[in-house]
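Peer 1: Here's a sequence, model it:
(2 chains)
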Amino acid sequence: MSAEILHATAAELAGRIASGEQSAVEVTQAHLDRIEAVEASVHAFLHVDGARALDAAAAVDAKRGRGEPLGPLAGVPLALKDVLTMTGAPTTCGSKILQGWVPPYNATVTQRLLDADLVILGKTNLDEFAMGSSTENSAYGPTHNPWDLDRIPGGSGGGSAAALAAFEAPLSIGTDTGGSIRQPASVTGTVGVKPTYGGTSRYGLVALASSLDQPGPCARTVLDAALLHAVIAGHDPRDSTSIDAPVPDVVGAARSGDVAGMRIGVVKELSGEGYAPGVEQRFAESVELLSSLGAEIVEVSCPHFVYAMPAYYLILPSECSSNLAKFDAMRFGLRTGDDGTLSAEEVMAATREAGFGDEVKRRIIIGTYALSSGYYDAYYGQAQKVRTLISRDFEAAFAQTDVLISPSTPTTAFRLGEKVDDPLAMYMNDLCTIPSNLAGNASASFPVGLAPEDGLPVGLQVMAPPLADDRLYRVGAALERALTAQWGGALLDRIPALPEGARA
Amino acid sequence: MALTPDDVAGLARLARIELTADELAHLAPQLDVILESVARVSEVAADDIPPTSHALPLTNVFRPDVVRPSLAREDVLAGAPAAEQDRFRVPRILGEEA
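Peer 2: Numbering: from 1, shown residues only, chains lettered A, B, ... in the order given. Below is the predicted model:
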């Protein structure tokens, strides 16, 4: 029975809990047991609070017992990326500088999950302050890809994606600054959606790059992601960049999955050299599939996308060097060297030296450089202009298409340790995902098969215009429906069994 | 452009990170490679292009100036590295010669 619970979709679990066929406590306990069994191998979580989760589940069962109406995901367990605040639990952001910090307030996303009666199991692992593509930059050790424990689960939200693929949770929350939802989804065979910038609130999300960061839903199915999207999205007066407009009908789009007559653009620049053969093969097959489902396929060119990565790695470090200045050892987190002789400035420098990892230091220093007088115009100023050109490429492409598609990542999951000290090689993982962060449009990754050469998942990225998030789900649902029919089951049905108990 | 360990030390001082000599030697060539790569943005002719600072057009947002409850003092100080007399306790902020 337990395995059946673990493999059920969030929509199915919510239905069973609402009808009384299964209790929320039973569902939560099954997932806690699974976490207990496989965490030693996977390490998706930084914090699990079983007692609290069971209490929350019991509250849902009691609510149902009293005949009160339940929300569409009430009682369903969820894993929360440890960069969003939640009271009563540590928020570390994968950093030593915030080790043990318990925030005094809930992020808006967290609050909406709690208000909708989702059961939060714990906080998931990530690259420190969401900087990375492999979770290897976490101060608390990497997460392992459940498809192959020697490989990366993607990053920064590797914990949130691995928790899904390991059947530790049916739903999770990620945040996406340059691909941190979509790239982990791609390499773990799961679904990840970056909403339109401003579609979900950043209040209580510990900022990496404020003009790029966006929380979003992660799930094993397209409908589950849409249901979660609907719970967390919508205007928040506490985030000045939050969009005050109705949330697109993402659930309706996920249920429809009709792409007949849709104009789908294939981005010419996101293919070719550097793309693995298996990635290109599965992508080409998906294009054929969408065409056979009635979509009109056109090739589009976005000539400035090749400059997205350099622009991103100037804009992001600049914003992050400024945002992370708040870790000054005065108001929260770590303080070292406060021996009564050192000044506040010296204590701050000693604390940041001890509390930040290599990648965080690299990016803060790059940002400090790019914002220095004399370099500002050549670097940061020029990067902002390139950002305009990338947005214009999107506008021109969306004038002739409804959505754009590309592989989500150039390759499948690489081995842990392979790129850990080669920042540029690591940055290449986000080649396809970065343009949507710079332009702020909606974007998602959906699983489209395994690469023949290594048997690892391949993701397809869909990009939609701002506020047209529903189109992502329409395309994702079409692919999911056709592919599961073709395969005779979900992609994750083919994942190897995980070892249980302590890791050898 | 060849960023030297000395250059990195200068930047680290501005960023308030006390890097060790080993780190300076390790990070300098890495940062150099990154900067060389991102310098490609200068290839784009963009003199007449307006900069984008934010993905979507923003207008300033106002709300009525109504008093709302703020976080409780003890909740805020609970996360502080050091507190004294209901305040954050900080190391001295002035230099010896000041």
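Peer 1: Now do the buried residues in the helix or strand containing A:Tyr473.
Peer 2: A:Tyr473 belongs to helix A:469-487 when assigned by DSSP states H and E. For helix A:469-487, burial by neighbour count (16 or more other Cβ atoms under 10 Å in any protein chain shown) applies to A:469-480, A:482-483. Glycine gets a C-beta too; all of them are placed from N, C-alpha and C.
Peer 1: How about stretch A:267-284?
Peer 2: Neighbour count says stretch A:267-284 has A:267, A:269-271, A:275-276, A:278-280, A:282-283 buried, by 16+ other Cβ under 10 Å.
Peer 1: That stretch and chain B, are they touching?
Peer 2: No: if you take Cβ under 8 Å from any Cβ of the partner chain as the test, stretch A:267-284 misses chain B, and the best it gets is 14.2 Å.
Peer 1: ok, how many other residues are close to A:Asn437?
Peer 2: Neighbours of A:Asn437 under the rule other Cβ atoms under 10 Å in any protein chain shown: 30.
Peer 1: one step back: among the buried residues of stretch A:267-284, which lie within strands?
Peer 2: A:Val267 (DSSP state E).
Peer 1: so which pair among the buried residues of stretch A:267-284 is furthest apart in space?
Peer 2: The span of the buried residues of stretch A:267-284, defined through Cβ to Cβ, is set by A:Glu269 and A:Gly278 at 20.2 Å.
Peer 1: element containing the residue of chain B found nearest chain A?
Peer 2: When scored by Cβ to the nearest Cβ, chain B has B:Ala55 as its residue closest to chain A, at 2.4 Å. Under DSSP H and E, no helix or strand contains B:Ala55.
Peer 1: what residues are up against A:Gly132?
Peer 2: If a contact means Cβ atoms under 8 Å, 6 or more residues apart in numbering or on different chains, then A:Gly132 has A:155-156, A:359, A:426 as its contacts.
Peer 1: does B:Leu24 count as helix, strand or coil?
Peer 2: Classification of B:Leu24 using DSSP: H, G, I helix; E, B strand; the rest coil returns helix.
Peer 1: State the number of residues packed around the residue lying closest to it once chain neighbours are set aside.
Peer 2: Closest residue in space to B:Leu24, ignoring its immediate chain neighbours: B:Pro5 at 3.9 Å, by Cβ to Cβ, 6 or more residues apart in numbering or on different chains. By other Cβ under 10 Å, 18 other residues sit near B:Pro5.
Peer 1: Let me know whether B:Pro5 touches B:His26 as I believe.
Peer 2: No: with contact defined as Cβ atoms under 8 Å, B:Pro5 and B:His26 do not form a contacting pair (9.2 Å).
Peer 1: if I look at A:Pro465, how far off is A:Ser408?
Peer 2: With distances taken as Cβ to Cβ, to the nearest Å, A:Pro465 is found 19 Å from A:Ser408.
Peer 1: Out of these two, name the residue with the larger neighbour count.
Peer 2: A:Ser408 (32 against 20).
Peer 1: thinking that one is in contact with A:Val462, fair?
Peer 2: No: A:Ser408 is not in contact with A:Val462 according to Cβ under 8 Å; the separation is 9.2 Å.
Peer 1: Please identify the buried residues of the helix or strand where A:Ala56 lies?
Peer 2: For A:Ala56, the element it lies in under DSSP H and E is helix A:50-65. Neighbour-count burial for helix A:50-65, counted by 16+ other Cβ under 10 Å, picks out A:50, A:53-54, A:56-61, A:63-64.
Peer 1: contacting residues for the residue at minimal distance from the centre of chain B?
Peer 2: With distances taken as Cα atoms, centre = their mean, the residue of chain B nearest its centroid is B:Ala15 (6.5 Å). Counting by Cβ under 8 Å, 6+ apart, B:Ala15 makes contact with A:321, A:352, A:364-365, A:367-368.
Peer 1: go on, A:Tyr307?
Peer 2: Counting by Cβ under 8 Å, 6+ apart, A:Tyr307 has contacts A:386, A:389-390, B:40-41, B:43-44.
Peer 1: hmm, which of the residues you listed are the buried ones?
Peer 2: Applying the neighbour count, that is 16+ other Cβ under 10 Å, the buried entries in these are A:386, A:389-390, B:41, B:44.
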